[in-house]
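Visitor: with the input below, show me the fold.
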Amino acid sequence: MKEVFQKAKYQLEHQLPFVLYRQPKSNSLQAFFMSSIEDVSTDFDQSGFCFFPFDQSQKNYFFHLKESIYKKVEIVDSELVEVNNESDTLIADNEDEKRKYFQLLAESIHLLKKGDYQKIVLSRPIRLSIEKLDAIEAFQKLLQIYHEAMVYIWYHPNEGIWVGATPETLVHYSSLNLKTMALAGTRVVQEGAEPVWRDKEREEQELVSKYIQQKLSSYSNYVKASETYNKQAGNVVHLNTDISARISKKDLQKVILDLHPTPAVCGLPTEKAKSYILQNETYGREFYAGFLGEINMHKEKSRTTSNRNQEALAIKQRRPETNLYVNLRCMKINKNECQLFVGGGVTASSNPTEEWRETQDKSQTLLKVL
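Guide: Predicted coordinates:
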């Protein structure tokens with residue numbers, strides 16, 4: 001594992017692209033190290049790691065497996081940088097940013113009440129100056145704190161360093177089976193108490209769930225949804241519905257690009273909400289609320305067979321899997337400056353003060369490691 005981190009530092013020093021990541025509930029650290037800075041767009045028929053922006057018209061990146069040094073090692077917690085403080089980190093509000101965000105919230109809620117939109121997801125940046133910020137150390141701390149999240153550090157000299165711990169799956173796909181989730185609504189975790197969900201949050205999550213099921217129904221006659229349940233992500237908890245479908249391999253790329261961006265990070269109607277966001281947010285989202293992850297990576301699956309004369313045999317099969325995650329709870333790092341990205345779903349019943357507080361709560365995911 002130390003060699004992987006040393007290699008990542010080498011890549012940074014020589015301005016060469018790479019990604020380190022650990023998937024949810026995994027004990028394995030995976031890495032792609034690139035030997036050139038050539039820009040390659042995602043090829044959904046090849047194996048590799050993709051990094052997509054919120055706005056699909058902007059550039060995306062693909063680290064091709066055949067053109068990279070790929071590593072997979074077991075994570076040893078004792079070899080990671082120690083996490084000294086897991087309590088909340090308080091930062092002073094930027095009053096100018098707060099005023100702009102409240103104004104945008106008020107304007108958006110007015111349009112929602114008129115019925116122009118069902119939901120708009122608004123976000124804001126939190127800009128911090130931090131001396132001697134070690135992005136790889138921050139990534140190691142995230143590995144220890146957020147075992148349920150997709151944790152990553154991604155770098156390309158064109159885009160800078162991105163670090164995140166996202167709780168949301170966009171697509172898991174293997175052997176014609178696609179799984180995704182409708183994740184929306186946010187409450188701060190209260191130890192020993194169940195979250196109390198308001199109508200606003202239940203409505204928001206139901207809109208996302210129905211939208212995703214409707215999209216998948218265009219490609220499949222076998223779409224199923226679980227009961228809605230609480231899903232914790234760091235210091236906050238969300239409402240979540242697991243959704244699955246049988247999807248043909250030839251349709252996978254269309255499905256992925258059709259689902260992105262979901263109402264959970266954009267709004268409804270989706271295209272109209274996306275246009276509103278791009279025109280009215282006071283900054284560029286870049287890769288925040290985009291997606292990232294593996295495409296067509298082969299995994300070993302164990303299958304047991306038996307007959308009358310032999311004991312059960314474990315047969316390992318290598319099947320390609322695609323595992324993509326929505327890029328939430330993330331930050332961009334340049335030298336001694338970093339920009340955190342936080343947001344939330346706004347409906348006609350939203351309260352601006354509560355929406356602001358929700359973004360503050362979500363910022364704790366990353367503030368804890370800075």
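
Visitor: list the contacts of stretch 186-198.
Guide: Here stretch 186-198 makes contact (C-beta atoms under 8 Å, 6 or more residues apart in numbering) with 185, 201, 230, 232, 235-239, 344, 358, 361-362. Every C-beta, even on glycine, is put in place using the N, C-alpha and C of the backbone.

Visitor: lowest-confidence one in those residues?
Guide: Ranked by pLDDT, those bottom out at Asn235 (82).

Visitor: any idea how far it is from Leu122?
Guide: 21 Å (C-beta to C-beta, to the nearest Å).

Visitor: give me the secondary structure label for the closest residue to Val342 other than its chain neighbours.
Guide: Among residues not flanking Val342 along the chain, Thr359 sits closest, at 4.1 Å (C-beta to C-beta, 6 or more residues apart in numbering). Three-state assignment for Thr359 (DSSP: H, G, I helix; E, B strand; the rest coil): helix.

Visitor: can you report how many residues lie near Thr359?
Guide: Thr359 has 19 neighbours, counted by other C-beta atoms under 10 Å.

Visitor: and the one 4 residues further on, by the same measure?
Guide: By other C-beta under 10 Å, the residues close to Ser363 number 22.

Visitor: try Pro269
Guide: Count around Pro269 with other C-beta under 10 Å applied: 16.

Visitor: show me where pLDDT drops low in the chain?
Guide: 85-87, 300-318 (pLDDT under 70).

Visitor: recalculate using a threshold of 80.
Guide: For the chain, the stretches flagged by pLDDT under 80 are 84-90, 92, 192, 299-318.

Visitor: which of the contacts of stretch 186-198 are buried, as a ChimeraX select command?
Guide: Filtering the contacts of stretch 186-198 down to the buried ones (16 or more other C-beta atoms under 10 Å) takes a single ChimeraX command:
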select :185,201,235,236,237,238,239,344,358,361,362
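
Visitor: inside strands: which ones of the contacts of stretch 186-198?
Guide: Judged by DSSP state E, strands contain the following of the contacts of stretch 186-198: 185, 230, 232, 236-239, 344.

Visitor: any chance of CSV for the residues you listed, columns distance to Ile145?
Guide: Formatted as CSV, the ones in strands among the contacts of stretch 186-198 follow (distance: C-beta to C-beta, whole Å):
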residue, distance to Ile145
Gly185, 22
Asn230, 19
Gln232, 12
Val236, 13
Val237, 16
His238, 17
Leu239, 22
Gly344, 22
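
Visitor: which one of those is nearest Glu107?
Guide: Gly344 (15.6 Å; C-beta to C-beta).

Visitor: residues near the closest residue to Gly160 other than its chain neighbours, how many?
Guide: Residue nearest to Gly160 in three dimensions, not counting chain neighbours: Asn334, with 4.9 Å by C-beta to C-beta, 6+ apart. When neighbours are defined as other C-beta under 10 Å, Asn334 has 11 of them.

Visitor: got phi/psi on Asn334?
Guide: phi -130, psi 110 (degrees, to the nearest 10).

Visitor: surely it touches Glu159?
Guide: No. Taking contacts as C-beta atoms under 8 Å, Asn334 lies outside contact range of Glu159: 9.7 Å.

Visitor: where along the stretch 201-350 of the chain do the helices fall?
Guide: Shown for the stretch 201-350 of the chain, the helices assigned by DSSP state H, counting those that start in this stretch span residues 252-259, 270-280.

Visitor: in the longest one, which residues are buried?
Guide: Meaning helix 270-280. Buried residues in helix 270-280 (16+ other C-beta under 10 Å): 270, 273-274, 276-277.

Visitor: isn't there a strand covering Ile153?
Guide: Yes. The assignment for Ile153 by three-state DSSP puts it in a strand.

Visitor: dump the residue contacts of the closest residue to it other than its chain neighbours.
Guide: Excluding its sequence neighbours, the residue lying closest to Ile153 (C-beta to C-beta, 6+ apart) is Phe139, at 4.0 Å. By C-beta under 8 Å, 6+ apart, the residues touching Phe139 are 20, 151-153, 163.

Visitor: just the closest of these to Phe52, please.
Guide: Closest approach to Phe52 among the contacts of Phe139 (C-beta to C-beta): Tyr152, at 13.2 Å.

Visitor: surely the closest one touches Leu143?
Guide: No. In this structure Tyr152 lies outside contact range of Leu143 using C-beta under 8 Å: 9.8 Å.

Visitor: overlap of the contact sets of the two?
Guide: Arg22.

Visitor: got the contact list for stretch 345-358?
Guide: With contact meaning C-beta under 8 Å, 6+ apart, stretch 345-358 is reached by 98, 101-102, 105-106, 108-109, 112-113, 118-122, 184-186, 199-200, 203-204, 263-264, 267, 344.

Visitor: among the residues you listed, which ones are buried?
Guide: Buried, going by 16+ other C-beta under 10 Å: 101, 105, 108-109, 112, 118-122, 184-186, 200, 203-204, 263-264, 267, 344, out of the contacts of stretch 345-358.
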